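1. pasting the sequence and the predicted coordinates here, then a few questions.
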Amino acid sequence: MPHAARHEPDAENIPDGQAETIEQGLLAAERYAALREAFTHLSPRDQQLITLLIEDPPVPYAEISTRLGIPAGSIGPNRRRCLDKLRYHPPIAELISAEAQTA
């Protein structure tokens, strides 16, 4: 039985819509990897806070306060500091800058 010729995909034979989808997927994977790496640079306590804040369904501040032993009023400011640490982590900052230049 003859073998059908296989054509390896390259930039010239991928339809535009599919190429955009592939590019979006690659960018999302790059962002995810950078975020995971930046997350590992947070302190364990900050990692716990962010993890609790992104749970679904949301964890009430009162419960986060109890679990982490911090005042409920300090959760927002601590969250902001954590997000700033993530935002300014070099790979994340580079992605943000690149996206701002293409926007």
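-> Arrived safely, thanks for sending.
2. quick one: the helices in the protein?
-> Counting by DSSP state H, one finds helices in the chain at the ranges 16-39, 44-53, 61-68, 75-88, 90-102.
3. tabulate those helices (TSV), appending mean neighbour count.
-> All C-beta spots, glycine's among them, are computed from the backbone N, C-alpha and C. Shown next, in TSV, are those (neighbours: other C-beta atoms under 10 Å):
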stretch	mean neighbour count
helix 16-39	12
helix 44-53	15
helix 61-68	14
helix 75-88	14
helix 90-102	12
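4. worst mean pLDDT among these?
-> Within the helices of the chain, confidence is poorest for helix 16-39, with a mean of 86 (mean pLDDT).
5. what's that one in contact with?
-> Taking C-beta atoms under 8 Å, 6 or more residues apart in numbering as the criterion, the residues outside helix 16-39 that touch it are 11, 14, 47, 50, 85-86, 89, 91-92, 95.
6. what is the orientation angle of that helix with helix 75-88?
-> Orientation check (axes from the mean of the first three to the mean of the last three C-alpha atoms, to 10 degrees): helix 16-39 against helix 75-88 gives 120 degrees.
7. okay, helix 16-39 in PDB with CA atoms only?
-> The C-alpha atoms that make up helix 16-39 are tabulated as PDB, following Å, rounded to 0.1, in the frame of the first residue of the first chain:
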ATOM      1  CA  ASP A  16      -3.600  32.400   8.800                       C
ATOM      2  CA  GLY A  17      -6.300  31.700  11.400                       C
ATOM      3  CA  GLN A  18      -4.600  28.500  12.500                       C
ATOM      4  CA  ALA A  19      -1.200  30.300  12.700                       C
ATOM      5  CA  GLU A  20      -2.800  33.000  14.900                       C
ATOM      6  CA  THR A  21      -4.300  30.300  17.200                       C
ATOM      7  CA  ILE A  22      -0.900  28.600  17.400                       C
ATOM      8  CA  GLU A  23       0.800  31.900  18.200                       C
ATOM      9  CA  GLN A  24      -1.800  32.700  20.900                       C
ATOM     10  CA  GLY A  25      -1.200  29.300  22.400                       C
ATOM     11  CA  LEU A  26       2.500  29.700  22.500                       C
ATOM     12  CA  LEU A  27       2.200  33.200  24.000                       C
ATOM     13  CA  ALA A  28      -0.200  31.800  26.700                       C
ATOM     14  CA  ALA A  29       2.200  29.000  27.500                       C
ATOM     15  CA  GLU A  30       5.100  31.400  27.700                       C
ATOM     16  CA  ARG A  31       3.100  33.700  30.100                       C
ATOM     17  CA  TYR A  32       2.100  30.700  32.200                       C
ATOM     18  CA  ALA A  33       5.700  29.400  32.500                       C
ATOM     19  CA  ALA A  34       7.000  32.900  33.400                       C
ATOM     20  CA  LEU A  35       4.200  33.300  36.000                       C
ATOM     21  CA  ARG A  36       4.900  29.800  37.500                       C
ATOM     22  CA  GLU A  37       8.600  30.600  37.700                       C
ATOM     23  CA  ALA A  38       8.000  34.100  39.300                       C
ATOM     24  CA  PHE A  39       5.600  32.500  41.800                       C
END
